[in-house]
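[1] My questions are about this predicted structure, shown below with the sequence.
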Amino acid sequence: MGSTPTELPCEDVADNRSGVGGGISDVYGEDSATLDQLVTPWVTSVASGYSLMRDPRYNKGLAFTDKERDAHYLTGLLPPVVLSQDVQERKLMHNLRQYTVPLQRYMALMDLQERNERLFYKLLIDNVEELLPVVYTPTVGEACQKYGSIFRKPQGLYISLKEKGKILEVLKNWPQRGIQVIVVTDGERILGLGDLGCQGMGIPVGKLSLYTALGGIRPSACLPITIDVGTNNEKLLNDEFYIGLKQRRATGQEYADFLHEFMCAVKQNYGEKVLVQFEDFANHNAFDLLSKYSSSHLVFNDDIQGTASVVLAGLIAAQKVLGKTLADHTFLFLGAGEAGTGIAELIALKISKETGAPIDETRKKIWLVDSKGLIVSSRKESLQHFKQPWAHEHEPVKNLIGAVNAIKPTVLIGTSGVGQTFTKEVVEAMATNNEKPLILALSNPTSQAECTAEQAYTWTKGRAIFGSGSPFDPVEYNGKTYLPGQANNCYIFPGLGLGLIMSGAIRVRDDMLLAASEALAAQVTEEHFANGLIYPPFSNIRQISANIAASVAAKTYDLGLASNLPRAKDLVKFAESSMYSPVYRNYR
Ligand SMILES: NC(=O)C1=CN([C@@H]2O[C@H](COP(=O)(O)OP(=O)(O)OC[C@H]3O[C@@H](n4cnc5c(N)ncnc54)[C@H](OP(=O)(O)O)[C@@H]3O)[C@@H](O)[C@H]2O)C=CC1
Ligand SMILES: CC(=O)C(=O)O
Ligand SMILES: [Mg+2]
C-alpha cells in the first residue's frame, strides 16, 4: 500500500500502441501500458472478494457459506451451490484417482496446495497412505528431475550466489514472519538421483508438507529453502528450461562462506529457536555443516540423524520378533555415506548405553561396504573422516557378496543409492545364514532400492523381515500376503520437529534421537508384528508423531535445553493440542 497507481494519459490508449495486459482498459492503467511503461503492482490489504478466493490460506472454494459470501463480497463469484469440506475432499480424491501418471497427481496436488491450503492438508492427512508416495518419495524424485518443465509458482525461497552479501534481505522477502522450521537443501544429493541443483526445491517443499500433515506444524511456520551454488549436472547446465544458476558448483571457501552467511542470517532473522533441517546435501558438505552449526544453532540433518533414528526404531521393535538384543546382532551396510554411517553410529551408541561397553567396542559389531569394498583397517588412511571409525581389522573384501559371506550379518541395510545391488545371491546368502534375515533397502526413490519387496520375500522363501525407503505394495508369496514396511525418516522428523518446537529447544542432541526411536518402536503392536511389520502403519501417524514429540520434548527438558517453561504436565496432550488442523475456519 502507499504508492499511487500510475494513471496513463488517455492519448496513450488511443495512441494505438499495443497494451500487454490483455484487457480493454482498467483504472490503474496496467492493461493499456506498453511493455516499456512502468506499472504499479496494486493489491488490497484486506482479503475479501476475489482476493480472498485467490489467497490459498483463506480460500475455501465452494465451501464458503451463503453468509460468508454475503459478508465477504463473494456473491456471484462462485456458483450457487455450497459444498462441505468433506464433499470437496471426496470430489478431489475422485479426480486425483483419474490420473494414471503419478507426476500428474503430483502436479494436481501442488496446484491444490497453491489454491486451497486447508483442503490440500485435509486430503493429505485423511489419505496419507495413498498420497504420501505422491507428495514424497518416489514421485517427488521425478518431480525434481522435471522441476524446470513443471515449474509454475515458487513454493519456497531461492537463495543463489547472486544474493551473496544480502541473504538477510532475501529472507525478509518471504511473506511470513513466524517461521519455526526451515528445510534447506543445496540440491547436490537429491534422494539417490544425484545433483539436481536448484530443482531440488521439490524436496524441502515435500518435507515441509509432511511437517504439517504428519507433525502438525502450521504451514505458515514452514519455510522451504534452496541454496543455489550452481550444479555439476551437465544435463541441467545444457537444459533451456533449467531454473537455476548455469554454472558449476561453488566449492571450498566460497561455499563455506556462503553457507555461513546463510546460517547467520537465519539466526538473525528468526532467532535461536528456528529449526534448520539440512536435507539432501552431498556428504562432503553434510557432515561438516552439521558439526559446524550444531553448537550454535538448532540444526538437524535428516539424512544422517533422522534416518538413523527411524532405522534404530525398527531394530528396537524387531527385537521382539527376533528374540535378540541389539548387541546380539551383526550389522552390514551397503553404502557408507550419510545414511549408512549415521545409522551405524546411532546403533553403536544405543548398544553402548544398553550394555555399558565403550562405543569403540560396540562399533565392532557393525561393518560397512562402500564403492571400493568392505571398509577395513588397511584402507584407513585413504578414508573420509566419517568412515574411519568403521575401519575394523579384517582382510580386504572386494564386494557385497564377499562381505556377506565373510561377516555373516544378521541385518543387511542398503544405503548406497544404487538400485538392484542386493542381488539374488546376496539375499539368498542372508537367508542361508539366518532363520529370519532382516533386510532394509533404504535407497530412494523406488528405482534406486537395493531390492524390491517381492525379491526379498521370494529369495528368502518368505522368511525376510523387510523394509524399504520408498513404499512397495503387499506381496503374495506361496498363498500368503506379506506387508512390506516403509523405513523412511518421515516417521521421525515431523514428530521430532514438533517436540523441539513445543519445548522451545535450542539444540539437538543424540539423546533426543534415541528418545524418538524408542517412542516410535513403542508403537509397534503385536498385530503389526504378526503382519511382519517393524513400523506402525502411517494411517495413525499424527498420534505417532504426538508421542514422538512428547518423548523428544521430555528429553529436551531433562537435558536443560528447553526454553518453553514451565514444562507441560502432560506432554502428549500438549503435543496433540499444538497440532495444526486443516478443518476450515468460519469467517465473521
Ligand atoms: N529411507 C530413508 O529414510 C533414507 C534413504 N536415503 C537414501 O540412501 C541413499 C544414500 O544416501 P546417502 O547416504 O546420503 O548418500 P551418500 O552419497 O552419502 O552415500 C552413498 C554411499 O554409497 C556408496 N556406494 C555408491 N555406489 C555403491 C556401489 N555400487 N556399491 C557399494 N557402495 C556404493 C558410496 O560409496 P563411496 O563412499 O565409495 O562413494 C557411499 O558410501 C540415497 O538413495 C537416499 O535416498 C537417505 C536418507 C534417508
Ligand atoms: C528420505 C530421504 O531423506 C532421502 O532419501 O534422502
Ligand atoms: Mg533426504
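    Okay, I see it. Residues are numbered from 1 along each chain as shown. Ligands and ions are numbered 1, 2, ... in the order given.
[2] Could you list the low-confidence segments of the chain?
    Residues of the chain that meet the criterion pLDDT under 70 lie in 1-33, 39-45.
[3] Enumerate the residues of it near ligand 1.
    189, 191-192, 283, 303, 307, 310, 334-340, 369-372, 415-418, 421, 442-444, 448, 469, 487-489 (Cβ under 6 Å from any ligand atom). In this view, the C-beta of every residue, glycine as well, is placed from N, C-alpha and C.
[4] Quick one: the strands in the stretch 51-200 of the chain, in order.
    157-160, 181-185 (DSSP state E, counting those that start in this stretch).
[5] Let's have those in JSON lines, adding mean neighbour count and distance to Glu526.
    Listed next are the strands of the stretch 51-200 of the chain as JSON lines, based on neighbours: other Cβ atoms under 10 Å; distance: least, Cβ to Cβ, whole Å:
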{"stretch": "strand 157-160", "mean neighbour count": "20", "distance to Glu526": "46"}
{"stretch": "strand 181-185", "mean neighbour count": "27", "distance to Glu526": "35"}
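[6] Dump these to TSV, plus distance to Trp390.
    Shown next, in TSV, are these (distance: least, Cβ to Cβ, whole Å):
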stretch	distance to Trp390
strand 157-160	35
strand 181-185	26
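[7] all strands of the stretch 401-550 of the chain, in order?
    Counting by DSSP E, counting those that start in this stretch, the strands of the stretch 401-550 of the chain are 411-414, 438-441, 465-468, 475-477, 480-482, 485-486.
[8] Any idea how far the third one is from the middle of the chain?
    Between the centre of strand 465-468 and the centre of its host chain there is 20 Å, according to Cα atoms, centre = their mean, to the nearest Å.
[9] Tally up the residues packed near Glu345, please.
    Using other Cβ atoms under 10 Å, the number of residues around Glu345 comes to 20.
[10] sec struct for the residue lying closest to it once chain neighbours are set aside, please.
    Using Cβ to Cβ, 6 or more residues apart in numbering and skipping the chain neighbours, the partner closest in space to Glu345 is Ala308 (6.8 Å). Using DSSP: H, G, I helix; E, B strand; the rest coil, the structure places Ala308 in helix.
[11] what do you get for the one 5 residues further on?
    When states are read from three-state DSSP, the local structure at Ala313 comes out as helix.
[12] List only buried entries from the residues of the chain next to ligand 1.
    189, 191-192, 283, 303, 307, 310, 334-340, 369-370, 415-417, 421, 442-444, 448, 469, 487-489 (16 or more other Cβ atoms under 10 Å).
[13] Need phi/psi at whatever residue of the stretch 151-300 of the chain ends up closest to ligand 2.
    In the stretch 151-300 of the chain, no residue comes nearer to ligand 2 than Leu191, which is 4.5 Å away by Cβ to the nearest ligand atom. Dihedral pair for Leu191: phi 50, psi -140, per degrees, to the nearest 10.
[14] So which bits of this structure are right by ligand 3?
    By Cβ under 5 Å from the ion, the residues of the chain that approach ligand 3 are Asp280, Asp303.
[15] Mind telling me which residue of the chain is nearest ligand 1?
    Gly337 (1.9 Å).
[16] Stretch 289-301: which residues count as buried?
    For stretch 289-301, by 16+ other Cβ under 10 Å, it's Leu289, Leu290, Tyr293, Ser294, His297, Leu298, Val299, Phe300, Asn301.
[17] For the residue nearest to the spatial centre of the chain, give its distance to Glu393.
    Computing the C-alpha centroid of the chain and ranking residues by Cα atoms, centre = their mean puts Lys207 first, at 2.8 Å. To Glu393, Lys207 is 40 Å away according to Cβ to Cβ, to the nearest Å.
[18] Equivalent analysis for Lys164, please.
    From Lys164 over to Glu393 (counting by Cβ to Cβ), the distance is 47 Å.
[19] Compare the two (neighbour count), which wins?
    Lys164 (14 against 8).
[20] Tell me how many other residues surround the closest residue to that one other than its chain neighbours.
    With sequence-adjacent residues excluded and distances taken as Cβ to Cβ, 6+ apart, Lys164 is closest to Phe258, at 6.2 Å. Phe258 sits with 22 neighbouring residues when counted by other Cβ under 10 Å.
[21] so where does Phe258 fall, helix or strand?
    helix 252-270 (DSSP states H and E).
[22] Can you spell out which helices and strands pack onto that helix?
    helix 167-173, strand 181-185, strand 222-228, helix 283-293 (3 or more Cβ pairs under 8 Å, 6 or more residues apart in numbering; DSSP states H and E).
[23] Just the C-alphas of the last one, formatted as PDB.
    So that's helix 283-293. Extracted as PDB, the C-alpha positions of helix 283-293 are listed here (Å, rounded to 0.1, in the frame of the first residue of the first chain):
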ATOM      1  CA  ASN A 283      28.200 -36.000   2.200                       C
ATOM      2  CA  HIS A 284      31.300 -33.900   1.700                       C
ATOM      3  CA  ASN A 285      29.400 -30.900   3.000                       C
ATOM      4  CA  ALA A 286      26.700 -32.500   5.100                       C
ATOM      5  CA  PHE A 287      28.900 -33.800   8.000                       C
ATOM      6  CA  ASP A 288      30.900 -30.600   8.100                       C
ATOM      7  CA  LEU A 289      27.800 -28.300   8.200                       C
ATOM      8  CA  LEU A 290      26.200 -30.400  10.900                       C
ATOM      9  CA  SER A 291      29.200 -30.400  13.100                       C
ATOM     10  CA  LYS A 292      29.900 -26.700  12.500                       C
ATOM     11  CA  TYR A 293      26.400 -25.400  13.400                       C
END
